[in-house]
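Q: this is a predicted model, with the sequence first.
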Amino acid sequence: MERLGVLGGTFDPPHLGHLALAEAARQQLRLEQVLWAPAGHPPHKRVHSSARHRLAMTELAITSHPRFALCRLDLDRPGHHYTADLLDLLRVQYPAPAIIHFLVGQDSLSELAKWRAPERILSAARLAVYRRPGVKVDWEALERVAPGARTRIDWLEGPPLEPASYLIRELVKQGQPIMHLVPPAVGSYIKAHRLYQASPGATG
């Protein structure tokens, strides 16, 4: 039975925390492959660099990992992109009995009840959730919109996932080093293309 992981996000930029999450899921859930799916036009999140740059950085981040692959489904379709739609499209490509695990941190799980069509997300995939100490989940609210949600979750264990993309962008803006937070090729790309700098037009 095929077991597939899906890691979605803006990857603005992709960082070592993303890689740690993907690798923890691959090992602990025995996944054949983890698909990285950069968002094209996320409806509720601002992007700070173009889809072209985010795609290139994602490719650089995963190039040395044979079990990681790029998924362009969100990038190659028009309009706003929702996780439920992405997973429905992946279900067409990977029908049952293949198992799809959608990878998130516990902070994202705590907000899942507010996402678009959480019941469709949990119908199309299991959630692989990386624990974050101190993050509380309102199970009652989640079960109201997606009955049986608890039975669709697999917990991932590991050290704290740091850093966050917003922190990396802020460090770049301040001229601080980031090479300890991102894959070397991603750090070099950010520097070469002058991404996230304070000057206007630097992130085009």
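A: That came through, no problem. Numbers count the residues shown, from 1 in each chain.
Q: residues near the closest residue in space to residue 13 that isn't next to it in sequence, how many?
A: Using Cβ to Cβ, 6 or more residues apart in numbering and skipping the chain neighbours, the partner closest in space to residue 13 is residue 57 (5.0 Å). For glycine as for every other residue, the C-beta is placed from the backbone atoms N, C-alpha and C. Using other Cβ atoms under 10 Å, residue 57 has 26 other residues around it.
Q: just residue 195 next, same as before
A: If you count neighbours by other Cβ under 10 Å, residue 195 ends up with 22.
Q: the helices in this structure, which residues?
A: Ranges of helices in the chain, per DSSP state H, are 16-28, 51-62, 83-93, 106-111, 118-124, 139-145, 165-173, 184-192.
Q: what's the closest of these to residue 71?
A: Distance to residue 71, taken as Cβ to Cβ, is lowest for helix 83-93 among the helices of the chain, at 7.7 Å.
Q: what packs against that closest one?
A: Other elements packing on helix 83-93 under the criterion 3 or more Cβ pairs under 8 Å, 6 or more residues apart in numbering; DSSP states H and E are strand 3-9, strand 99-105, helix 118-124.
Q: including mean neighbour count and distance to residue 44, could the ones you listed go into JSON lines?
A: Shown next, in JSON lines, are the helices and strands packed on helix 83-93 (neighbours: other Cβ atoms under 10 Å; distance: least, Cβ to Cβ, whole Å):
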{"stretch": "strand 3-9", "mean neighbour count": "23", "distance to residue 44": "13"}
{"stretch": "strand 99-105", "mean neighbour count": "22", "distance to residue 44": "15"}
{"stretch": "helix 118-124", "mean neighbour count": "19", "distance to residue 44": "14"}
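Q: could I get these as JSON lines with mean pLDDT and distance to residue 193?
A: Below are the helices and strands packed on helix 83-93 laid out as JSON lines (pLDDT from 0 to 100; distance: least, Cβ to Cβ, whole Å):
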{"stretch": "strand 3-9", "mean pLDDT": "97", "distance to residue 193": "19"}
{"stretch": "strand 99-105", "mean pLDDT": "97", "distance to residue 193": "27"}
{"stretch": "helix 118-124", "mean pLDDT": "96", "distance to residue 193": "33"}
